[in-house]
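# coords please:
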Amino acid sequence: MRADVPAKEVMTREVCIATPDEPLHIAAKKMIEFGVGSIVVVEGGEPKGIVTEKDILNKVVAENKTPSDVKLHEIMSSPVMTIQPTTSIREATRIMLKKGIRRLPVIDNGKLVGIVTDTDILNISMDIGELIGLIDDRSLEVLPETMSGKCERCGRFVERLVEVNGMKLCEDCAESFED
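Here you go, the predicted model:
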C-alpha cells in the first residue's frame, strides 16, 4: 500500500449523517439507502458520535429495545475519533488498528468532509497490489504511468482512471457506462 496517499484521495465524500435526536429506525433506513454500516451523528456540521451496526446489535437488539424509541445520542460512540484530509492512509490504518475501529470521519476546520473506512483502505491496497502484477519481471520496469485517483462513480481508488463524458472513472465503471 502506498503509505503517502492522503485520506482526501481515498475518503468517501457523501457521508451518511443524522442528528443526535434522530430515532434509530429512521437512521437505519438511511444506512440501508447509502449501503453502509454506520451513520455519523453531527451537530452544526461537526461530528459528535458514530452509530455502527455493532452498536445497534449490542445496544438495541440484544437489549430488546424498540428502534423507534431509541434516539441516536443514546447509543452513539462518542467522542468520535477523526482524522484530517491530509492524514496519510498509513496513519489512518494505524489509528484503526490501535483503537479497534473500522471507520474514521474526516474533518476539515471542524466540519465533516468525508469518511475513510476499512473497505476504502482495502480497495487501495488491492489496487496497488494489482499494479505490482503489471511489473515485467525481465526488465523490472512498470508499465507507462497512468492517471490514478478515486473513481467518481464507485468511489474505488485505482491506479488507472479513464475519462468518460468528463468523469474520471475506473475501467469497470467506464465499461458499464458505455454499455
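# chain neighbours aside, what residue packs nearest to residue 161?
Leaving out its chain neighbours, the residue that sits closest to residue 161 by C-beta to C-beta, 6 or more residues apart in numbering is residue 168, at 4.3 Å. For glycine as for every other residue, the C-beta is placed from the backbone atoms N, C-alpha and C.
# list the contacts of stretch 13-21.
26-27, 30-31, 33-34, 36, 38-43, 48-49, 51, 71-73, 76, 105, 112-115 (C-beta atoms under 8 Å, 6 or more residues apart in numbering).
# mind running it again at 7 Å?
Stretch 13-21 is contacted by residues 27, 30-31, 34, 36, 39-43, 48, 71-73, 112, 114-115 when judged by C-beta atoms under 7 Å, 6 or more residues apart in numbering.
# what bits of the chain have low per-residue confidence?
1-3, 126-147, 177-179 (pLDDT under 70).
# and if we set it to 50?
Within the chain, the ranges that satisfy pLDDT under 50 run 1, 130-145.
# now the strands: where do they sit in it?
For the chain, the strands defined by DSSP state E occupy 17-18, 38-43, 46-52, 103-108, 111-117, 149-150, 157-158, 162-164, 167-169.
# for residue 44, the count of nearby residues, please.
When neighbours are counted by other C-beta atoms under 10 Å, residue 44 registers 8.
# how about residue 53, nearest residue that isn't a chain neighbour?
In space, residue 53 is closest to residue 37, 4.6 Å off (C-beta to C-beta, 6+ apart).
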